[in-house]
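J.: Below is the structure, and that's it, no one-letter string:
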């Protein structure tokens, strides 16, 4: 594992080595650490003095300084992929950059979510909804291909200057008065630079500066990366939109439908990359593929969606539900049930998936009473308390299962539109813009 991590750090060129830490270097390290703090503090003080940020904003950005420490870098293996790639992750401790990052995310994330909500897949449920709509419109054919693109090393791929450039372009396009909560566009960019250029990290007793990209779990650099890829994918999105195809992306995973030749598809992707040759992608195009936590297939135009199971580790591990933290056990079972309900149109398929969920929790020493109680509460929540398919085949009821699917589908739609409503409310309250903005520009 250590060799793979070192290879990743060298290959991506995303980390500048500063020094190895030992007992004799502690004083020198503290000098560097304090200079980072002073640089950020001086910048914030100057912005406040020049009235570019308010005093209350300055106070928030300087809060809780007593717990200041450097961030630590670790690498999380992705066991769902061949060759087991690693994702860089950050355990955040440095209070100044935490405050800055949270402040900026609160301002910028609602704008991005509002602009891209129809082309973003946050969970497998979003993919299922898009495929069902596509199928209802009669667009799924016997020759339809499902395409998945994986962008390699996306979190550490984008140079910081490119992030700033695309952020400025994005805000110029969608921040209509160039101002959020009294902050001008140049001030926002200054604050973003202050976070991104001060990504100093510890990894196995070594001190680094991140000079390209960021960690997979760092919200601000993930947002900046998403904005960069939003512009990179425009040509593909435009082509698919004209052809009435599905397109959606979840960070480094793109999914779309395709009804032309594979040669035309490869030509299109080659054209896309002519200005960004450093973006390396893996392409899978077939009538059956895995995407996120779903297995999607069609046979002669008949769509079938199932939960994608990893037979090497299941049922001995708890269910993997994309976007849900595995350590939140009490809500994991409900998340697995929600996904199973949306995937399975046939009650027998749903019963099989339900049995799989029960087994995985039983293997992991959850009591049968706990599991049955959670399942029954789930059915009651979605107004199907008499659906007791976990009690045996004699309780299979397709009409009740259909009611459950309808209720869960409504619940998912309400949640999605509530999120968009919150984004719009934030924009209306904190970003001055004309009432007659062109909604068609939001894709």
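T.: Noted; the coordinates are in hand. Keep in mind that this is a model prediction, so the values were computed, not measured.
J.: and after the one helix or strand residue 73 maps to, which helix or strand comes next?
T.: If you go by DSSP states H and E, residue 73 is part of strand 71-77. From strand 71-77 onward toward the C-terminus, using DSSP H and E, the following helix or strand is strand 86-91.
J.: Number of residues surrounding the residue nearest to residue 420 when sequence neighbours are not counted?
T.: Of all residues not flanking residue 420 in the chain, residue 117 sits nearest, at 5.4 Å (Cβ to Cβ, 6 or more residues apart in numbering). All C-beta spots, glycine's among them, are computed from the backbone N, C-alpha and C. Other residues near residue 117 number 17, with proximity taken as other Cβ atoms under 10 Å.
J.: Next: residue 151.
T.: Look at residue 151: counted by other Cβ under 10 Å, it has 20 neighbours.
J.: again with the one 4 residues further on
T.: The burial count assigned to residue 155 is 23, neighbours taken as other Cβ under 10 Å.
J.: The one 10 residues further on now?
T.: Number of residues near residue 165 (other Cβ under 10 Å) recorded here: 14.
J.: Next up, identify which helix or strand it is on.
T.: Assigned by DSSP H and E, residue 165 falls in helix 160-174.
J.: Give me the residues contacting that helix.
T.: Outside helix 160-174, the residues that touch it by Cβ atoms under 8 Å, 6 or more residues apart in numbering are 111-112, 115, 178, 185, 188-189, 192-193, 196-197, 211-213, 221, 224-225, 227-228, 230-231, 441-442.
J.: And residue 318, what's its pLDDT?
T.: Note on residue 318: pLDDT of 89.
J.: actually residue 355, sorry about that
T.: 92.
J.: count of residues packed around it?
T.: 13.
J.: likewise residue 333?
T.: Residues lying near residue 333 (other Cβ under 10 Å) number 24.
J.: now do the one 10 residues further on
T.: Using other Cβ under 10 Å, the number of residues around residue 343 comes to 23.
J.: which non-adjacent residue is nearest it?
T.: Nearest non-adjacent residue to residue 343 (Cβ to Cβ, 6+ apart): residue 305, at 5.1 Å.
J.: With residue 323 instead?
T.: With sequence-adjacent residues excluded and distances taken as Cβ to Cβ, 6+ apart, residue 323 is closest to residue 123, at 4.6 Å.
J.: From residue 70, how far off is that neighbour?
T.: Separation of residue 123 from residue 70 (Cβ to Cβ, to the nearest Å) stands at 33 Å.
J.: what does residue 57 give?
T.: From residue 57 to residue 70 the distance is 25 Å (Cβ to Cβ).
J.: got any ranges where the stretch 201-350 of the chain has weak pLDDT?
T.: Applying pLDDT under 70 to the stretch 201-350 of the chain flags residues 314-315.
J.: which residue ranges form the strands in it?
T.: Secondary structure of the stretch 201-350 of the chain (DSSP state E, counting those that start in this stretch): strands at 206-210, 247-250, 253-258, 281-286, 288-291, 294-299, 302-307.
J.: Adding distance to residue 271 and mean neighbour count, write these out as JSON lines.
T.: Below are the strands of the stretch 201-350 of the chain laid out as JSON lines (distance: least, Cβ to Cβ, whole Å; neighbours: other Cβ atoms under 10 Å):
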{"stretch": "strand 206-210", "distance to residue 271": "32", "mean neighbour count": "18"}
{"stretch": "strand 247-250", "distance to residue 271": "16", "mean neighbour count": "20"}
{"stretch": "strand 253-258", "distance to residue 271": "15", "mean neighbour count": "22"}
{"stretch": "strand 281-286", "distance to residue 271": "13", "mean neighbour count": "14"}
{"stretch": "strand 288-291", "distance to residue 271": "23", "mean neighbour count": "18"}
{"stretch": "strand 294-299", "distance to residue 271": "26", "mean neighbour count": "18"}
{"stretch": "strand 302-307", "distance to residue 271": "30", "mean neighbour count": "17"}
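J.: out of those, nearest to residue 428?
T.: Nearest to residue 428, of all the strands of the stretch 201-350 of the chain, is strand 247-250, at 26.2 Å by Cβ to Cβ.
J.: just checking, what packs against the closest one?
T.: On a contact count with 3 or more Cβ pairs under 8 Å, 6 or more residues apart in numbering; DSSP states H and E, strand 247-250 meets helix 124-136, helix 234-242, strand 253-258.
J.: Determine which of these approaches residue 388 most closely.
T.: Nearest to residue 388, of all the helices and strands packed on strand 247-250, is helix 124-136, at 24.3 Å by Cβ to Cβ.
J.: Just want the angle from that closest one to strand 294-299.
T.: Going by axes from the mean of the first three to the mean of the last three Cα atoms, to 10 degrees, helix 124-136 is angled at 20 degrees with respect to strand 294-299.
J.: Neighbour count: residue 123 and residue 70, which is higher?
T.: residue 123 (22 against 17).
J.: mind listing the helices for this protein?
T.: 2-12, 26-49, 55-61, 95-116, 124-136, 160-174, 185-196, 219-232, 234-242, 262-272, 329-343, 347-363, 368-381, 398-430 (DSSP state H).
J.: in the last one, what's buried?
T.: What it means is helix 398-430. 400-401, 404-405, 408-409, 412, 416, 423, 426-427, 430 (16 or more other Cβ atoms under 10 Å).
J.: can you check the fifth one too?
T.: Of the residues in helix 124-136, 124-132, 134 count as buried by neighbour count, 16+ other Cβ under 10 Å.
J.: measure residue 62 to residue 55 for me?
T.: Taken as Cβ to Cβ, the span from residue 62 to residue 55 is 11 Å.
J.: Show me which of these two is the more surrounded one.
T.: Counting neighbours by other Cβ under 10 Å for residue 62 and for residue 55 shows that residue 62 has the greater number, 16 against 9.
J.: Wait, the more buried one touches residue 98, no?
T.: No. The pair residue 62 and residue 98 does not pass the contact test of Cβ atoms under 8 Å, sitting 11.6 Å apart.
J.: Residue ranges of each domain in this protein, please.
T.: What automatic domain parsing lists as the domains of the chain is 2-110+160-216, 309-434.
J.: tell me the contacts of the nearest residue to residue 364 once chain neighbours are set aside?
T.: Setting aside the residues directly before and after it, residue 364 is nearest to residue 318 in space (Cβ to Cβ, 6+ apart), at 5.6 Å. Applying Cβ under 8 Å, 6+ apart, we find residue 318 in contact with 326, 329, 332, 360-361, 364.
J.: Filter those residues down to the buried ones.
T.: Counted by 16+ other Cβ under 10 Å, the contacts of residue 318 give 332, 360-361 as buried.
J.: ok, those residues vs residue 344, which is closest?
T.: residue 360 (16.3 Å).
J.: can I get the domains of the chain in JSON lines with distance to residue 243?
T.: Listed next are the domains of the chain as JSON lines, based on distance: least, Cβ to Cβ, whole Å:
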{"stretch": "domain 2-110+160-216", "distance to residue 243": "25"}
{"stretch": "domain 309-434", "distance to residue 243": "24"}
